[in-house]
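# sequence and predicted structure below; questions after.
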Amino acid sequence: MLYPLHELINIPRERAIAIGVGNRTYSREESLEHLEELAFLAETAGAEVMCKIYQDRAKPDGATAVGRGKLEEIKEMVQEDNIVLAIFDDELTPAQTRNLSRELEIKVIDRTGLILDIFASRARTSEARLQVELAQLQYLLPRLSRMWTHLSKQFGGIGSKGPGETQIETDRRLVRDKIAFLKEKLANVAVQKAEQRKGRDTMQRFALVGYTNAGKSTLMNAISGAEVLVENKLFATLDTTVRLVELSNGDHTLHKNVLLSDTVGFIRKLPTELVASFRGTLAETLEADVLLHVVDVSHHQFRDQIRAVSETLTAIGAGDKPVIMVFNKIDMLPDLDLLHALQADYPQSVGVSAQRGINISTLQEIMLEMGDARHEVVHLLLPYSAMRELAQIYRTGQVMERRDGDDGIELTARITTEEAGIFKDWVVAA
């Protein structure tokens, strides 16, 4: 069973204050932008952000993150606006959370806890629910404070409590056991999905990646016609959607079937617990031949978002994948000078409007060109007994010429390098 974080620690989804503490890692402008994003996250989770407050510090206070004077200011805001929830932009230590809760007399969470709460409400498939529950438990384990006694009903292991063992130690052991159980279940799911992907090994794969709310799902629908959920919310899509897509060039003389996947969006300061838990979902990104990095070019901090996505891709081991930069929402730009400058910086790029269908055909042509790098043209003579192989060529490659003769089927086809090795015994001179 998945436990929504707000139920586990009784977070009221009501009036909230968003708090940012600046440091030397980010500029003041970047930190304020992060605070605005935190408020958007809170609204996505269902809270009403009454006010935002920011403090510049060389480093966060070890006890309360903010200084004593700023803490008193926050106290006044909490009392004046009847605030019941304080959300900090950076991760708090268990001690900081405890001290702040005691001082403010309200619930206190950080960005990680907030994102986990959103993921809990967005998870739809059994795999996503397992992944989110695992991330929640890993996040909450060091923050336990006698809130887990209800879990004993789910394990039946309380009788193993040793002499003199405290309740909190028993609770921690229950959580560790649950974490091990979830990891085992997710490992089994990963094996099953790997088996499913084996049948798609000969097809070229593209994966949509990008900052959350950049328009990946809208682009997925524009390219594939798939009915993927589209909402103006952060993390509207958690589960990977894979579709078979037929790409074609401008004059429709070239067609090719590929697999296109839409993955979970990234965000700044993505919790490490989520990155680890969602490795099964991110496997589509790791195994893709080409990544489509979707960027909301109308966002004033899009360069910062590009950097955050690139850092996350590197963290999960996909930093060296070929990338097509897809600058989305160009219809919202006041002029195209910015787009032209970006295309000069990123040669493999295209400006599109996924919502209005602008330049989708151009994107498909670039995808076809990128695919040619691992394809070659071969001349084959297939026996009539090789109908299964012929069907595979039609499904995954491009048949350029065909002649049915007495000796078999003569084909000129563009196929993957891997397939060329499979069909090498049937290769003939042109």
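Looks like it arrived, so ask away. Numbers count the residues shown, from 1 in each chain.

# next one: phi and psi at the residue sitting nearest the centre point of the chain?
Of all residues in the chain, the one closest to the mean position by Cα atoms, centre = their mean is V264, 2.6 Å from it. Torsion angles at V264 (phi, psi; degrees, to the nearest 10) stand at phi -60, psi 140.

# ditto for Y346
Given degrees, to the nearest 10, the pair of backbone angles that Y346 has is phi -120, psi 90.

# so it sits right up against V326, yeah?
No - with contact defined as Cβ atoms under 8 Å, Y346 does not count as touching V326 (10.0 Å). C-beta here means a position set from N, CA and C on the backbone, and glycine is covered the same way.

# coming back round to it: isn't the residue nearest to the centre of the chain right next to T240, touching?
Yes - using Cβ under 8 Å, V264 makes contact with T240 at a distance of 7.4 Å.

# next, the buried residues of the helix or strand containing Q131.
Assigned by DSSP states H and E, Q131 belongs to helix 126-140. Across helix 126-140, burial judged by 16 or more other Cβ atoms under 10 Å covers 127-140.

# is the residue lying closest to Y26 once chain neighbours are set aside within a helix or a strand, and which one?
In space, and not counting its chain neighbours, Y26 is closest to H34: 6.9 Å by Cβ to Cβ, 6 or more residues apart in numbering. Assigning secondary structure by DSSP H and E places H34 in helix 28-45.

# what does E72 give?
helix 68-80.

# just the CA trace of that helix, in CSV.
Extracted C-alpha coordinates of helix 68-80, given in CSV (Å, rounded to 0.1, in the frame of the first residue of the first chain):
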residue,chain,number,x,y,z
ARG,A,68,17.3,34.2,14.8
GLY,A,69,15.9,37.5,13.6
LYS,A,70,14.5,36.0,10.5
LEU,A,71,12.9,33.2,12.5
GLU,A,72,11.1,35.8,14.6
GLU,A,73,9.8,37.4,11.5
ILE,A,74,8.5,34.1,10.2
LYS,A,75,6.8,33.5,13.5
GLU,A,76,4.9,36.8,13.2
MET,A,77,3.8,35.9,9.6
VAL,A,78,2.7,32.5,10.8
GLN,A,79,0.5,34.0,13.5
GLU,A,80,-0.9,36.9,11.4
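
# same for the next helix or strand after that helix, what does it pack against?
Using DSSP H and E, the helix or strand that follows helix 68-80 towards the C-terminus is strand 85-88. Strand 85-88 sits against strand 15-22, helix 94-104, strand 107-110, helix 111-122, with contacts defined as 3 or more Cβ pairs under 8 Å, 6 or more residues apart in numbering; DSSP states H and E.

# check which helices and strands the longest one sits against.
Think helix 111-122. helix 5-8, helix 28-45, strand 85-88, helix 126-140, helix 272-277.

# name the SS class of R268, please.
coil (DSSP: H, G, I helix; E, B strand; the rest coil).

# next one: phi and psi at it?
Torsion angles, degrees, to the nearest 10, at R268: phi -60, psi 150.

# one more: T312?
phi -70, psi -40.

# who's the residue nearest to it when sequence neighbours are not counted bridged to?
The shortest distance from T312 to any non-neighbouring residue, by Cβ to Cβ, 6+ apart, is to F266 (4.6 Å). Following DSSP bridges, F266 is listed with bridge partners Y211.

# how many residues are close by F266?
24 (other Cβ atoms under 10 Å).

# next one: M325 relative to A344, how far apart?
To A344, M325 is 12 Å away according to Cβ to Cβ, to the nearest Å.
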